[in-house]
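Chemist: Based on what follows, work out the 3D shape:
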Amino acid sequence: MKYCGVLLLIFIYCKSFSQKPVRQFNSLNEFTHASINKNSVYSLAHDLYGGLFTAKDKSSYIIDSGIVFPSSHTNLVLVRNINDAHTVYIKWYGIKDSMQNFMPAFKKITRYLNTIGGGTVFFDAGTYFADPYFTVDANNIIVKGAGMNKTFIKVSDKAGAGLMVNSNYRDAGWLGNADDMLTYKDDGLPQGQHYIDLKIKNGISKLKPGTIIFINGGANYFDQNYGEFNMIDHCTPFGRVYLKYNLSRSYAQSISSWAATLTTDYKPPAEGNNATIYFSGTQPRGGTAISIGNDLYKVVSSTASSAVVINVKDKGNKLTVIKAGTHIFKYRAIVLTPSIVYNVAVSDITITGKRKSIIVSNTFKTSFKNVRFNWMNQPIAPGGIWLDGDDGRDFTMSNCEIDCPYYFSSQFARSFADIYIDHTKFNQAAIQFTEYNINANVTDCKFNLSYTGAPGEVMQPAILLGSTCSSINFNNNIIHASGINNLFYSGEIQGTKAIINSTGSIANNVIECNNIGSVFVGSYSGTMNIVNNKISGKANFLFGEQAHKPNAYPTLLKTKSSSTTCLIMNNSFKGYIDGFGGAANNVQYIGNTIKRLGPANTSNEFNVWGNILYTHFKRDTTVTNFVCKDNTFNNWNLLPNSFSHYWSINERTDISNNRFITSSKDTIVSIRPILKK
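Modeler: Okay, here's the model as predicted:
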């Protein structure tokens, strides 16, 4: 035992004697100008740049004065010893306060992280300055602060945004290069299918597994897109492209959206040659890609009614005459997207921006958690919004806060898919989903919205769920709204020709109104379920939704829902209201409870008539599917024309078992057809 103890002491003594002390420097100047030795470790005692460094051969190292510093030795650099190579602190680059523009340092960090597959950029507590704005232009980057009440990022007074994920706005870099596009067979391309067949199978050499692509199928205007981002899973030698995501919608030519129409027959020239087409509709720009039917062309030049186009080589175009009346689309093709930014996450930070707080256009997989976005008070430029999201996929926002100085809106548009927003506060920040959005979800959020009439304030619908969108869900939210004309609306920024099933759900929300025009209004091409909402306060009109592209219903609709029905069921309202609902095609009012405390505004037709349902439109005179049953109306004037409609009761309508509580004696109102057995 004695010998063991002696040997241990000798080992410790020898080890301690063999270790060289780490040389410490107290200033950056001293550190970078000192004489150093290869593989020796040095210490820099500095709040910002500080840490341990090893002298290494310069070789392929890039000096960035954060991770890699220059030295007095020509062939040596000082490389920071990092516990986690994927975590970098902005302070390592000397960024300490809001007087310095951190963007040059940030770009150096992301350039380094990209060489190792990505990582995290950490901002300590404090205020930081980005000029002209904060931009993330790299893939697989996490930006993390010390907390939304501790870390603050501000931008230049001339900035167009607070945070821009991808400075290649919208579809920059892949908009219209027809030569690089891959055409697909128009074999139906149904929604939910997980593959696409190419016209020219040799094109698969460009589609490696993991490649992000954009699949487009037309649009109403040539600055729109009717499509989606997707990712390549694998391809077969025969030209079949398998996708990571099932197709979010159908891209069959027969139901897609077009921008113009041939006015004369067109004989395509040989591949690579020019010809002139004549059309009516939207004029395409020179240099852009269009499809005539399902064949791809490049526009050389154009007027309001004609265009010179090239029959692009190797796209599988037909050479037979294309008849007048054939639709012209924005390109129907698969596009490579080299400018897209993939997999960016931001958390625990406050970002203040001008004109637009956040831009996520041309992105794939972005997420925000515990982030506050401040949209600064300013004169509004055309299109100025707190959020801009054109062309993207997989956006998440959780436990965030949006603050605007006065009521203003956002824009998710142009084929943005898979949007998930939850547990977020919207203070004067309305939200829009338009132009072919797919699968947008807003849940468990709080909205405080009030129109104040401030200079430049825009009176827009608070919650716009567009009629060209599919799978839009607005559920379990709390809304406080004041002075807004339309709270929920279905209008579009630009029109729609595509046959779209714009399904959606507005359910289980708590809505408090103060001088609201219409709470729900709009028209959809598929099922919109407005169910189990608790509404209170003061509004002029409650329900004005309908489904406008019905199927034929041979008998009375007996189910609660169908693919072309606006279902308004089990909602409650307590407060001051003038009108209940519109009597229109494909609407079902079932089991709603309306407790009326009095009219919302001065006497008008609703109060004079005691109107429950109304229609004043000729289009409503041939209703094919209408149900109003099992509703309860408390303190509502019941008059002979309370159920105002301009069609005859038939087997496709059902007004039954509506209960009026106006005195000690209840009244049941039913207007039913004689159903044929």
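Chemist: in this protein, which spans are helices?
Modeler: 2-18, 28-33, 103-114, 605-609 (DSSP state H).
Chemist: in the stretch 351-500 of the chain, what spans have low per-residue confidence?
Modeler: Scanning the stretch 351-500 of the chain for pLDDT under 70 picks out 377-385, 456.
Chemist: Please apply the same query to the chain.
Modeler: 1-20, 171-176, 377-385, 456, 549-563, 599-610, 615-624, 645-651, 663-665, 672-677.
Chemist: mind giving me the domain split of it?
Modeler: As given by automatic domain parsing, the domain ranges for the chain are 21-81, 178-336, 461-671.
Chemist: mind checking which of the ones you listed is nearest Asp394?
Modeler: domain 178-336 (8.3 Å; Cβ to Cβ). Bear in mind the C-beta positions are built from the backbone N, C-alpha and C, glycine included.
Chemist: What is the end-to-end distance of that closest one?
Modeler: Terminal residues of domain 178-336 are spaced 11 Å apart (Cα to Cα, to the nearest Å).
Chemist: Name the residues of stretch 523-542 that come out as buried.
Modeler: 523-533, 535-542 (16 or more other Cβ atoms under 10 Å).
Chemist: Please read the previous query as pertaining to stretch 221-233.
Modeler: Buried residues in stretch 221-233, counted by 16+ other Cβ under 10 Å: 221-233.
Chemist: just stretch 258-276 next, same as before
Modeler: Neighbour counts over stretch 258-276 (16+ other Cβ under 10 Å) mark 258-260, 262, 266, 268, 275 as buried.
Chemist: Just the C-alpha atoms of it, please, in PDB.
Modeler: C-alpha atoms of stretch 258-276 as PDB (Å, rounded to 0.1, in the frame of the first residue of the first chain):
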ATOM      1  CA  TRP A 258     -55.500  30.200 -66.000                       C
ATOM      2  CA  ALA A 259     -54.400  33.700 -66.900                       C
ATOM      3  CA  ALA A 260     -55.300  34.000 -70.600                       C
ATOM      4  CA  THR A 261     -57.000  32.200 -73.500                       C
ATOM      5  CA  LEU A 262     -56.000  31.600 -77.100                       C
ATOM      6  CA  THR A 263     -58.300  33.600 -79.500                       C
ATOM      7  CA  THR A 264     -57.100  31.900 -82.700                       C
ATOM      8  CA  ASP A 265     -55.800  28.400 -83.500                       C
ATOM      9  CA  TYR A 266     -52.000  28.100 -83.000                       C
ATOM     10  CA  LYS A 267     -49.600  25.800 -84.900                       C
ATOM     11  CA  PRO A 268     -46.500  25.200 -82.800                       C
ATOM     12  CA  PRO A 269     -43.200  25.600 -84.600                       C
ATOM     13  CA  ALA A 270     -40.300  23.100 -84.300                       C
ATOM     14  CA  GLU A 271     -38.500  23.000 -81.000                       C
ATOM     15  CA  GLY A 272     -36.300  26.000 -80.500                       C
ATOM     16  CA  ASN A 273     -38.200  28.200 -83.000                       C
ATOM     17  CA  ASN A 274     -40.500  31.200 -82.500                       C
ATOM     18  CA  ALA A 275     -44.100  31.800 -83.400                       C
ATOM     19  CA  THR A 276     -46.800  34.300 -82.500                       C
END
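Chemist: next one: it to chain centre, how far?
Modeler: 35 Å (Cα atoms, centre = their mean, to the nearest Å).
Chemist: In this structure Gly217 contacts Arg332, no?
Modeler: Yes: with contacts counted by Cβ atoms under 8 Å, Gly217 reaches Arg332, the gap being 5.4 Å.
Chemist: Please enumerate the shared neighbours of these two.
Modeler: 251, 253, 256 (Cβ atoms under 8 Å, 6 or more residues apart in numbering).
Chemist: Just give the number of residues close to the first one.
Modeler: Read that as Tyr251. Neighbourhood size, Tyr251 [other Cβ atoms under 10 Å]: 25.
Chemist: what sits against it?
Modeler: By Cβ under 8 Å, 6+ apart, the contact list for Tyr251 reads 184, 189, 215, 217, 226-227, 332.
Chemist: let's see 7 Å
Modeler: 189, 215, 217 (Cβ atoms under 7 Å, 6 or more residues apart in numbering).
Chemist: Next, count neighbours for the last one.
Modeler: When neighbours are counted by other Cβ under 10 Å, Gly217 registers 31.
Chemist: same thing with Asp394?
Modeler: For Asp394, using other Cβ under 10 Å, the count is 19.
Chemist: ok, it to Ala138 distance?
Modeler: Noted for Asp394: a distance of 17 Å to Ala138, by Cβ to Cβ, to the nearest Å.
Chemist: Spell out the residue ranges of the strands in the stretch 301-450 of the chain.
Modeler: Secondary structure of the stretch 301-450 of the chain, counting by DSSP state E, counting those that start in this stretch: strands at 306-311, 327-330, 332-336, 341-353, 358-359, 363-375, 387-398, 401-408, 411-422, 425-429, 431-433, 438-443, 446-450.
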